[in-house]
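Participant: here is my input; please provide its structure:
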Amino acid sequence: MAMADRLDFGMLATGMMVGINEVANGLECGCVCAACRAPLIARQGAIRRWHFSHAPGFVACETGAETALHRMAKQIIAQWDDVTLPPLEVRVSQRSVTGQTLARDVTIPGTRFVAEKGVIEARCDGFVPDVLLHGPKGELLAIEVCVTHKVSRAKQQRVAEHALPMIQFSIDLADDSSAEAAELEQRLRESTPEWIFHPKEAELRLQLEAEVEAALHQLQDEQKARQEELQPMLSDGTTDLFTEVDRRRGDSSPLRAQTGPDQFEVLGCQVVVNVATTAGVWACTASLPLQEQILHQITADAGDHGLRVTAPIHTTSHGIVIVAGAAVRSWASGLARRLCKAFPDNVTPEELES
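Facilitator: Sure thing, here's the model as predicted:
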């Protein structure tokens with residue numbers, strides 16, 4: 001027998017939905033299909049799970065099972081005297097021009113909506129919710145039931161225009177546990193609905209967007225201050241902090257500090273290791289207790305690549321700065337990655353603008 005002709009619920013002449021265990025066997029059930037209105041037969045055998053199907057001589061419709069489940073769910077919810085509302089979670093994030101993501105979020109705990117009555121498909125101005133619950137003080141809560149089709153964008157817009165709180169329950173047509181109304185109600189009670197419209201969401205989102213925007217401006221100011229502090233040091237052509245050993249000529253040549261647009265950094269830490277190249281400043285950050293270990297690693301790494309430290313390392317309010325020149329671009333570019341590998345839990349590169 002085709003799955004489309006296995007219905008868990010039938011509709012009486014009064015329009016009420018009933019389960020297979022609430023009616024007589026066979027054609028005596030007195031039910032019709034909620035989708036096509038064809039007569040149904042109640043099959044209450046001893047082997048297969050009880051179900052409805054279209055009576056002999058009537059073609060099974062494709063949407064019968066879906067419509068029956070949808071209508072029964074609406075009927076159950078309309079009889080509820082309370083609904084547990086889900087929490088509202090609002091999150092706003094934005095990436096800065098330097099690639100860092102700033103985010104703010106807020107959560108309003110879920111509450112309980114007390115209902116005095118429920119109306120199925122109550123007509124509102126321009127839209128019809130599946131169920132409209134009325135509270136004791138005139139509060140309204142619209143509820144949608146999704147079996148295969150979620151609330152359309154046009155309907156969401158109309159709901160928002162009326163500032164009507166709306167949640168949506170989703171039920172799976174393929175779940176075989178809803179053969180009886182009591183089982184379907186349990187599924188609905190145990191599921192967590194989602195907000196289609198919450199009256200406070202727009203206000204909260206604007207608030208979080210303002211907070212993120214303020215944080216971005218503060219970040220930009222901090223980066224500008226950092227660059228202003230580093231600039232005199234990096235632009236000083238007399239500063240030679242590294243000497244590259246030219247193995248071919250057998251001598252050493254000084255490397256001048258130069259600045260550029262590339263920079264790697266992680267904000268919110270206390271130690272910053274910067275390596276300036278013609279391409280820019282490369283920085284890795286780590287927690288303060290790792291300062292000596294990181295500096296030792298840099299010195300060893302430089303030696304492995306034919307470099308040696310020839311001048312003191314600068315210290316600024318933003319951390320430790322090591323300045324190098326154009327000839328060590330390839331080494332400086334790889335240093336950040338090697339530090340991340342050596343200190344995976346404490347050093348992380350992230351691209352920033354100069």
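
Participant: residue boundaries of the strands in the stretch 101-250 of the chain?
Facilitator: 101-108, 112-114, 117-120, 131-134, 140-146, 166-170, 194-197, 242-246 (DSSP state E, counting those that start in this stretch).

Participant: quick one: closest of the ones you listed to Arg205.
Facilitator: strand 101-108 (9.3 Å; CB to CB). Quick note: C-beta positions are derived from backbone N, CA and C, even for glycine.

Participant: from Pro39, how far off is Glu144?
Facilitator: 30 Å (CB to CB, to the nearest Å).

Participant: which one of those two is surrounded by more residues?
Facilitator: Remark: of Glu144 and Pro39, Glu144 carries more neighbours, 23 against 16, as counted by other CB atoms under 10 Å.

Participant: which residue packs closest to that one, ignoring adjacent ones?
Facilitator: In this structure, Glu144 finds its nearest non-sequential neighbour in Gln168, 4.2 Å apart by CB to CB, 6 or more residues apart in numbering.

Participant: what's the separation between the one you found and Arg338?
Facilitator: For Gln168, the distance to Arg338 - CB to CB - is 51 Å.

Participant: same question for Asp125.
Facilitator: From Asp125 to Arg338 the distance is 65 Å (CB to CB).

Participant: compare those two (neighbour count), which wins?
Facilitator: Shown here are Asp125 and Arg338; by other CB under 10 Å, Arg338 has more neighbours (17 against 8).

Participant: the helix or strand harbouring the more buried one - what's its average pLDDT?
Facilitator: Assessed by DSSP states H and E, Arg338 sits inside helix 329-342. For helix 329-342, the mean pLDDT works out to 66.

Participant: just stretch 196-208 next, same as before
Facilitator: So the average pLDDT for stretch 196-208 ends up being 94.

Participant: again with stretch 69-89
Facilitator: pLDDT averaged over stretch 69-89 gives 96.

Participant: buried ones in that stretch?
Facilitator: By neighbour count on 16 or more other CB atoms under 10 Å, the buried set for stretch 69-89 is 69-78, 80, 83, 85-86, 88.

Participant: which among those gets closest to Ala202?
Facilitator: Using CB to CB, the buried residues of stretch 69-89 come closest to Ala202 at Leu88, 11.4 Å.

Participant: surely that closest one is in contact with Glu201?
Facilitator: Yes. Under the criterion of CB atoms under 8 Å, Leu88 makes contact with Glu201 at 6.3 Å.

Participant: which neighbours do the two share?
Facilitator: Counting by CB atoms under 8 Å, 6 or more residues apart in numbering, the residues touching both Leu88 and Glu201 are Trp195.

Participant: low-confidence ranges, the chain, go.
Facilitator: Residue ranges of the chain with pLDDT under 70: 1-4, 98-99, 175-179, 226-295, 306-333, 335-337, 339-340, 343-354.

Participant: that one: helices as residue ranges?
Facilitator: 64-78, 153-161, 181-190, 201-234, 291-304, 329-342 (DSSP state H).

Participant: looking at those helices, which is buried most?
Facilitator: helix 64-78 (a mean of 22; mean count of other CB atoms under 10 Å).

Participant: what's that one in contact with?
Facilitator: 3-11, 16-17, 19, 33-36, 52, 54, 83, 118-121, 130-131, 133, 143, 145, 147-148, 169, 171, 173, 178, 181, 184-185, 188.

Participant: of these, keep whichever come out buried.
Facilitator: Buried among the contacts of helix 64-78 (16+ other CB under 10 Å): 5-11, 17, 19, 33-35, 52, 54, 83, 118, 120, 130-131, 133, 143, 145, 147, 169, 171, 178, 181, 184-185, 188.

Participant: can you give me the distance of the closest residue to Lys117 other than its chain neighbours to Val119?
Facilitator: Among residues not flanking Lys117 along the chain, His134 sits closest, at 5.0 Å (CB to CB, 6+ apart). Counting by CB to CB, the separation of His134 from Val119 is 7 Å.

Participant: so the residue nearest to Glu144 versus Arg158, what's the distance?
Facilitator: 15 Å.

Participant: pretty sure Val131 contacts Cys124?
Facilitator: No. Here Val131 does not reach Cys124: they are 11.9 Å apart, not a contact under CB under 8 Å.

Participant: mutual contacts of the two, please.
Facilitator: Ala142.

Participant: Asp105 is nearest to which of the helices of the chain?
Facilitator: helix 201-234 (7.1 Å).

Participant: list the contacts for the nearest residue to Thr111 once chain neighbours are set aside?
Facilitator: Nearest residue to Thr111 in three dimensions, chain neighbours excluded: Leu85, at 5.1 Å (CB to CB, 6+ apart). Contacts for Leu85 (CB under 8 Å, 6+ apart) come out as Gly110, Thr111, Arg112, Phe113, Leu141, Ile167, Pro193.

Participant: correct me, but the residue nearest to Lys117 touches Phe113?
Facilitator: No. Counting by CB under 8 Å, His134 sits too far from Phe113 to count as a contact (10.3 Å).
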